[in-house]
Each structure stands twice: as C-alpha cells, then as structure tokens.
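Peer 1: Following is a predicted model, sequence given first.
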Amino acid sequence: FTGINPAVTVTADTQRLQLNATYDPNLILYEPSHGQNVVAQNLNAQAHSTVVQDMFYVDLSAFALENAFELNYEIDRDAAIALVNIGGSMTNIKIMEAGVTAFSRDITIGGSTISEEIQKNMSIGFKEAEKIKLGIIPREMNRADIVAQVKDAVEFICREIRKTFDMYEKTSEMKVSKVYLSGGSCLMEGIDLLIHQNLNLEVEIINSFRNVYCNDKHFDEQYIEAMGPVAAIPVGLALRMSNDK
C-alpha cells in the first residue's frame, strides 16, 4: 500500500497570540477502488487569546464571534442563523439554532483567496491585488475582468459555506435562514450581495459596535462604523470577564 501523510501548520506571533489551523491528512491507498482505502483528516480549529493584566484567556474564534453577536443583536428563538466570519486565511462558521450553538466549523480559505485569484490572473503582486480587491483599480485595468475574478473566488468560498450548512441540515429539522457576515473581507464593497446571490439567503453585515458606546470626541463615527464587521472577534474576546468559565 501507499501512505501519504502531509501536514501543514500555520502560526503567527503578534501582540495577541493566535493559534492558527493545523491540517494533518493521512491517505492510505492499497489499490484503485479497494474497499480498505482510507482518507483520515484532522483540522484543528483556529484560536485566539486575550491578555489582560493578571488574566490570560484562550478562546475559539467561533465563541468570540457568538459573544459579539449576542451583545448587539436579538436572538431569534424560532430560527437557525449562521455567523460567518471571513478573515484573511480562515473562515469561521457558527450556526445557532433557536439561540443555541448547533454547529461550528473553521475552513482554511478566506479573503486572501480573492486576492490570490486577482494576483494570478492579472500577473501582479499580492499587495496590489489586495488594493484592487478593495476597489482601488488602476485606470489601465478592465473593471469587468476584475469583477469576474472576484465573483469566481467568492463562489468558491460560498461552496464551502454551503457544504457546512448541508452538514448541519442533515441532522437538524431546521434550515439556515439568514447569514450574519463579519471579518476583514466585509471591507470589499458588495460582498454581502455576492454571497446572497450564491447562497440564496438573506445576508446582513454585522456591526459589532451596534450596542457599544463610543465617545465621538475620541473616535471617528465613520471609522467605527467601517470597522464594525472587522472587529467582531476582537469585540467578542474583549467581552470575556474574570469570572467567565
């Protein structure tokens, strides 16, 4: 037989400790179409930590996302909704059924998938592709070509989101009725509409500062509004209390 056991670990060292995904698949092939062929997969969920004086927390992204949502939105006890946080290289999905966590999944694709699609097709650097993704398109570039590449990349992300919904719906009497979207990718204009078109579900971008008082003498109101979807997980982490279990 043939055994293949690649492993990919991505780590980062920043002011806020981040424990990113480790993907460890194990493929064992005896012969084509053999009944004992095995593919085993292991994906460790992304985690974050919050460091406060005299306290140290480690929290899953999905739970921090839930905390931020519950602070700012009313829970629908008669529906299943999905919290979807599209970060740079990771998308966190948390499905809440009647206000209770029912399903969570982290997938190792994110907004960088869109930038990489633009980079590949336009033969440019990643930083330039990131600017184009956010709407800063040079005059010499065809906007229609860029839009087509963005649509292809978002469609790919949505296929993985839909797979997650399908996994949940196989074991539940409810179906996901609405998506609440957050993450840095929300800075891309129209991403909520693209995801709505792909999933055929209502999509709303989260404002994680909706019920948070911000002194307008110290914070620019437009900036806080723009950062609302980006800050969902940090806000959720900040809500942790010393007596939390």
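Peer 2: Right, received. Where do you want to start? Residues are numbered from 1 along each chain as shown.

Peer 1: And residue 76, how close does it get to residue 98?
Peer 2: From residue 76 across to residue 98, the span is 8 Å (C-beta to C-beta, to the nearest Å). Where C-beta positions appear, they are placed from N, C-alpha and C, glycine not excepted.

Peer 1: Hmm, I typed the wrong one, I wanted residue 151.
Peer 2: 34 Å.

Peer 1: What is the three-state secondary structure of residue 229?
Peer 2: The local conformation at residue 229, judged by DSSP: H, G, I helix; E, B strand; the rest coil, is coil.

Peer 1: hmm, back to that, tell me which of residue 151 and residue 98 has more neighbours.
Peer 2: residue 151 (16 against 13; other C-beta atoms under 10 Å).

Peer 1: Quick one: mean pLDDT over the helix or strand harbouring residue 237.
Peer 2: If you go by DSSP states H and E, residue 237 is part of helix 232-238. Summarised as a single mean, pLDDT over helix 232-238 is 83.

Peer 1: now for it, which elements pack on it?
Peer 2: Secondary-structure packing of helix 232-238 (3 or more C-beta pairs under 8 Å, 6 or more residues apart in numbering; DSSP states H and E): strand 47-52, strand 55-60, helix 61-72.

Peer 1: Now the second one: average pLDDT?
Peer 2: What that stands for is strand 55-60. 51.

Peer 1: do the same with stretch 78-88
Peer 2: In this model, stretch 78-88 has a mean pLDDT of 92.

Peer 1: when you give positions from now on, start the count at 14
Peer 2: Let's use 14 as the start, then, which means that last one is stretch 91-101.

Peer 1: got the buried residues for it?
Peer 2: Going by neighbour count (16 or more other C-beta atoms under 10 Å), the buried part of stretch 91-101 is 93-100.

Peer 1: give me the low-pLDDT residue ranges for the chain?
Peer 2: For the chain, residues meeting the criterion pLDDT under 70 lie at 14-73, 254-258.

Peer 1: That one: strands as residue ranges?
Peer 2: Along the chain, counting by DSSP state E, strands occupy 15-17, 21-22, 31-32, 35-36, 39-42, 51-53, 56-57, 60-65, 68-73, 93-99, 104-110, 113-120, 189-195, 215-218.

Peer 1: Output the longest one as CSV, nothing but the C-alphas.
Peer 2: What follows is strand 113-120, C-alpha atoms only, in CSV (Å, rounded to 0.1, in the frame of the first residue of the first chain):
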residue,chain,number,x,y,z
VAL,A,113,-28.1,27.8,21.0
THR,A,114,-24.9,26.7,19.3
ALA,A,115,-25.7,23.8,17.0
PHE,A,116,-22.7,23.5,14.6
SER,A,117,-19.3,25.1,14.2
ARG,A,118,-16.6,24.8,11.5
ASP,A,119,-13.5,26.6,10.5
ILE,A,120,-12.4,26.4,6.9
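
Peer 1: Partner strands of it, with direction?
Peer 2: Applying DSSP bridges to the sheet, strand 113-120 is found paired with strand 104-110 (antiparallel).

Peer 1: and residue 103, how many neighbours?
Peer 2: 22.

Peer 1: repeat for residue 168
Peer 2: Residue 168: 13 surrounding residues under other C-beta under 10 Å.

Peer 1: repeat for the one 10 residues further on
Peer 2: Neighbour count for residue 178, taken as other C-beta under 10 Å: 21.

Peer 1: and the closest residue to it other than its chain neighbours, what is it in contact with?
Peer 2: Closest residue in space to residue 178, ignoring its immediate chain neighbours: residue 189 at 4.9 Å, by C-beta to C-beta, 6 or more residues apart in numbering. Shown in contact with residue 189 (C-beta atoms under 8 Å, 6 or more residues apart in numbering): 93-95, 108, 178, 181-182, 214.
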